[in-house]
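In: Need a 3D model of the sequence below.
(one chain, ligands or ions: 1)
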Amino acid sequence: DGAFETILVSTAGRVGTIQLDRPKALNALNAQTMDEVVSAAQKFDADPNIGAIVLLGSERAFAAGADIKEMSQQDFATMYAADWFAGWDALTRLRTPIVASVRGFALGGGCELAMMADVLIASETATFGQPEITLGVIPGMGGSQRLTRAVGKAKAMDLILTGRRIDADEAERIGLVSRVVPDADADDTARSVAAEIAAKSKPVAQMAKEAVNAAFETTLHQGIQFERRVFHALFSTQDQTEGMDAFVSKRDPQWSHC
Ligand code: CAA
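Out: Have a look, this model is predicted:
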């Protein structure tokens, strides 16, 4: 899309792809990139013909963090007035599933952006970390909260207090990523996982995502109640009727996405 300068946007079938494209800065995330990623993703989210979004970086870097050069001269008043990084919240409100392929560096804001995705595919070359403490700050795009919820206190404290990097195998072992694949396969794996999700009924996939995310916001009892009500609600959709009828008739379902 010619309207964007820091990302590349494309579609293939029911999958929309956003690729970070600031190679000289290792895809460092500046305010423009944030606006562009959010705006492209919101457009996909609103498109009934898009069932999943793929988020890609480059071979060297998914993203090496928030743009340090953009932040280095800021003061409290400007950061506070701009509510710096709050714009990223919009990405986490989207209902369309997001699959990220992480190759190379996913540091600071890069790791935090990856954690905003729903399914994380890591290349064997991927490295993750929250090095903000080495810059005299702390994570600012959700890292102290999302990393802790993803991997627990022991690993989150270790990573955030030391700033050390972990490789893809450790990231998978601690539950930060969904799968690790050879570097040459990472982007294609993300695309095919996205295609698999996009081939499902869109509202059903969206509600499944909503239900999993409810686990981070509710008590267990409230979460179970939410899940059960959503489960019941799905019996008002054509796709529930179709999905179960197709199984009983031993044929493939034809989703109408409603
Ligand atoms: N912001 C701005 N520019 C960055 C950047 C960042 N986060 N990361 C890399 N770059 C730039 C470098 O300044 C360099 O630019 P120049 O060619 O103009 O000097 C270019 O990208 C290539 O980087 P290097 O020469 O440093 O490449 P390397 O292979 O030697 O090292 C690296 C790679 C280890 C990732 C190193 O670039 C690095 O440590 N980057 C910063 C990582 C970091 O601290 N990230 C956290 C940022 S703060 C944050 O994200 C806050 C938050 O919570 C949201």
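
In: Tell me if I'm right that Thr17 and Gly57 touch.
Out: No: with contacts defined as CB atoms under 8 Å, Thr17 does not count as touching Gly57, sitting 11.9 Å away. Just so you know, the C-beta spots here come from the backbone N, C-alpha and C atoms, and that holds for glycine as well.

In: now the helices for the stretch 1-150 of the chain?
Out: Taking DSSP state H, counting those that start in this stretch as the criterion, the stretch 1-150 of the chain carries its helices at 31-46, 68-71, 76-82, 89-92, 109-116, 143-151.

In: for the residue most central in space within the chain, what are its contacts?
Out: Closest to where the C-alpha atoms of the chain average out (CA atoms, centre = their mean) is Ala117, at 1.1 Å. Under the criterion of CB atoms under 8 Å, 6 or more residues apart in numbering, the contact partners of Ala117 comprise Leu55, Ile98, Val99, Ala100.

In: I'd like those laid out as TSV, including pLDDT and distance to the ligand.
Out: Written out in TSV, the entries for the contacts of Ala117 read as follows (pLDDT from 0 to 100; distance: CB to the nearest ligand atom, whole Å):
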residue	pLDDT	distance to the ligand
Leu55	99	16
Ile98	99	18
Val99	99	21
Ala100	99	16
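
In: Can you tell me which of those residues is closest to Val248?
Out: Ranking the contacts of Ala117 by separation from Val248, with CB to CB as the measure, puts Val99 on top at 30.7 Å.

In: ok, Thr17 and Gly57, which is more surrounded?
Out: Set side by side, Thr17 and Gly57 show unequal neighbour counts under other CB atoms under 10 Å, the larger going to Gly57 at 30 against 23.

In: wouldn't the more buried one be in contact with Cys111 here?
Out: No: contact status for Gly57 versus Cys111: not in contact, 11.6 Å apart, counting by CB under 8 Å.
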